[in-house]
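Trainee: Quick one, what's the 3D model for this:
(2 chains)
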Amino acid sequence: MQPSLFPAAVPQTFTVSKLTFQIRKLLEENEILQDVWVQGEISNLSRPASGHVYFTLKDTNASLKCVMWKTSAARLNLPLRDGMAVEVHGKIGVYEPAGQYQLYADQIRGVGEGALYQEFMRLKAMLEAEGLFDPDRKKNIPELPHKIGIVTSATGAALRDMLNTLRRRLPLVEVILAPSPVQGTEAPSALVKAINTLDDKQLDVIILARGGGSIEDLWAFNDERVVRTVADTMTPIICGVGHETDFTLCDFAADLRAPTPTAAAELATQITVLDLQAEVQTYKTRLASATVNLIAEQKASLASLTAQLRYLSPARLIQSERQRVDELSRRAFMSIAYRVNLQKNHFEGTQKRLEAVSPLAVLARGYAVVTRKADGGVVSRVAQASDVMKVRVSDGEFEVKK
Amino acid sequence: MPKASTKKTEKNVEDLSYEEALAELEQVVSALENEQSQLEDAIRLFERGQALAARCGVLLEAAELKVKQVVGEEVMAFEEESE
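Mentor: As a prediction, this is how the structure comes out:
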């Protein structure tokens, strides 16, 4: 039977657009549908160049088209794969050109994460209330450790990264590794035992570390026993679990939280071998300049002593004595000369007086002295004359015969 | 007389750990800087200081990370996986 084109009671006719709009309005006004977690398995995963992510979420009986815009996709911290069981958060909307309702997703997490997250928050609140995370419980991390304990898996990349970092930054340290499984059911008790073992070893610092992983992988680090052990160690403890964005309760309980294992190794070695080398160099410089100064001081005091010695030297004394001698000798000479002069004058006077009374002066007046040649006797009377006599006159003598 | 006491306890530089050598180097430098030493003592201190600084340098250059592991109650050598 064909439906009549013109039935008696004519219902309203919609355009497709209008109807689709009505449907969309219906869905978008529903609060539950606008803030919903949906659990299912990923299929038909597609990531075109646009950066948006398209997939279908399905379970045994139904499927749901999903879109995740580029900005939300960039914040994903688990790699999506077809067949993966996930919980997707978002809002239901309608893609009008295809007449299709779909989930506009903004978060995706592994199945079970939701429950774990609840547990995480409960435990965090409880331990926080107990004061386990109080800042005044935190111990200082030594700047220059000698012994570093490491609790991590003996086989992971995290250990290798940390050892390489320590080797590069401060190869002087001794590392004591307490290997422990870092995930799985045995992990918590093994971690507790490893931490306690190292805590007894008189170490400067302990690093508790694990590479990145899903929240389930990191779960051992949210185990109450492990968190309490971390909070109670005597030794300062640095927690470097997962990646930058992962937080575990051990991070809150530890004395210092590092974003990664490598960063934990860096924070454990605040002073590096380069700093130490610079320190030694500084000492070398101070040593040299102190010695140079000291020698300069010694030289200066030697120079001043030499000057003093020169001042006190007998050479100076001799010099001045010599001067005195010179002076005395000059005075002696002058006084002698005066005396000689005096004597000379006196002598000349006397000589003149002598001359005045000299017989020679009589002779000069024409008198002569006659002496016998034989015996030199003066002839002053005739009887005294001899055959040959000498006659002395003023300028000489001659012989005469009687 | 701190000089006499350092002399008495002076160990062979080669036997000193990094920390010991550095601590003594620090002492030697401040002795040289602050005390009125005899020239002979000063030169001896300087030589000692140089030897200590050289020792520190060598230890820093040659240092190799020592890695041990706890196995049960024992601490033993740890063989790293080669890369």
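
Trainee: can we go C-alpha only for contacts and neighbour counts from here?
Mentor: OK.

Trainee: Can you give me the buried ones in stretch B:42-58?
Mentor: Residues of stretch B:42-58 classed as buried by neighbour count (16 or more other C-alpha atoms under 10 Å in any protein chain shown): B:42-43, B:45-57.

Trainee: isn't residue B:53 right up against residue A:280?
Mentor: Yes. The pair residue B:53 and residue A:280 qualifies as a contact (C-alpha atoms under 8 Å) at a distance of 6.1 Å.

Trainee: list residues touching both of those two?
Mentor: Common contact partners of residue B:53 and residue A:280 (C-alpha atoms under 8 Å, 6 or more residues apart in numbering or on different chains): residue B:22.

Trainee: neighbours around the nearest residue to residue A:140 once chain neighbours are set aside, how many?
Mentor: When the adjacent residues along the chain are set aside, residue A:140 lies closest to residue A:236, with 6.6 Å between them (C-alpha to C-alpha, 6 or more residues apart in numbering or on different chains). The criterion is other C-alpha atoms under 10 Å in any protein chain shown. On that basis, residue A:236 has 23 neighbouring residues.

Trainee: wait, residue A:236 sits on residue A:255?
Mentor: Yes. Using C-alpha under 8 Å as the test, residue A:236 is close enough to residue A:255 to be in contact (6.1 Å).

Trainee: Overlap of the contact sets of those two?
Mentor: Taking C-alpha under 8 Å, 6+ apart as the contact rule, the neighbours common to residue A:236 and residue A:255 are A:138, A:139, A:140, A:141.

Trainee: what's the distance between the second one and residue A:235?
Mentor: This means residue A:139. Remark: distance between residue A:139 and residue A:235 (C-alpha to C-alpha, to the nearest Å) = 8 Å.

Trainee: Can you pick out the residue with more neighbours from the two?
Mentor: Taking neighbours as other C-alpha under 10 Å, residue A:139 and residue A:235 compare with residue A:235 leading, 23 against 15.

Trainee: before we move on, back to that, of the buried residues of stretch B:42-58, list those near chain A.
Mentor: Residues of the buried residues of stretch B:42-58 in contact with chain A (C-alpha under 8 Å from any C-alpha of the partner chain): B:42, B:43, B:46, B:49, B:50, B:53, B:56, B:57.

Trainee: excluding its backbone neighbours, what's nearest the residue nearest the centre of chain B?
Mentor: Per C-alpha atoms, centre = their mean, the C-alpha nearest to the average position across chain B is that of residue B:21, at 1.6 Å. Of all residues not flanking residue B:21 in the chain, residue B:52 sits nearest, at 5.6 Å (C-alpha to C-alpha, 6+ apart).

Trainee: pull the longest helix from chain A.
Mentor: helix A:314-357 (DSSP state H).

Trainee: Please enumerate residues in contact with the helix or strand just after it?
Mentor: Past helix A:314-357, heading to the C-terminal end, the next element that is a helix or strand (DSSP states H and E) is helix A:359-364. Taking C-alpha under 8 Å, 6+ apart as the criterion, the residues outside helix A:359-364 that touch it are A:355, A:369, A:393, A:394.

Trainee: what residues are up against the last one?
Mentor: Applying C-alpha under 8 Å, 6+ apart, one finds that residue A:394 lies in contact with A:360, A:361, A:363, A:364, A:366, A:368.

Trainee: quick one: it from residue A:363, how far?
Mentor: Between residue A:394 and residue A:363 the distance, using C-alpha to C-alpha, works out to 5 Å.

Trainee: mind checking the SS state of the residue nearest the centre of chain A?
Mentor: By C-alpha atoms, centre = their mean, the mean C-alpha position of chain A lies nearest to residue A:275, the distance being 5.4 Å. For residue A:275, the reduced secondary structure class is helix; criterion used: DSSP: H, G, I helix; E, B strand; the rest coil.

Trainee: So which bits of chain B are right by chain A?
Mentor: B:22, B:25-26, B:28-29, B:32-33, B:39, B:42-43, B:46, B:49-50, B:53, B:56-57, B:60, B:63-71, B:75.

Trainee: Please narrow the residues you listed to those residing in helices.
Mentor: Residues of those located in helices (DSSP H): B:22, B:25-26, B:28-29, B:32-33, B:39, B:42-43, B:46, B:49-50, B:53, B:56-57, B:60.

Trainee: What residues sit buried inside stretch A:240-254?
Mentor: Taking 16+ other C-alpha under 10 Å as the basis for neighbour counts, the residues of stretch A:240-254 that come out buried are A:240-243, A:246-254.

Trainee: Give me the subset of these that lies in strands.
Mentor: Those of the buried residues of stretch A:240-254 mapping onto strands are A:240, A:241, per DSSP state E.

Trainee: how would you label the closest residue to residue B:67 other than its chain neighbours: helix, strand or coil?
Mentor: Using C-alpha to C-alpha, 6+ apart and skipping the chain neighbours, the partner closest in space to residue B:67 is residue A:175 (4.7 Å). For residue A:175, the assignment made with three-state DSSP gives strand.
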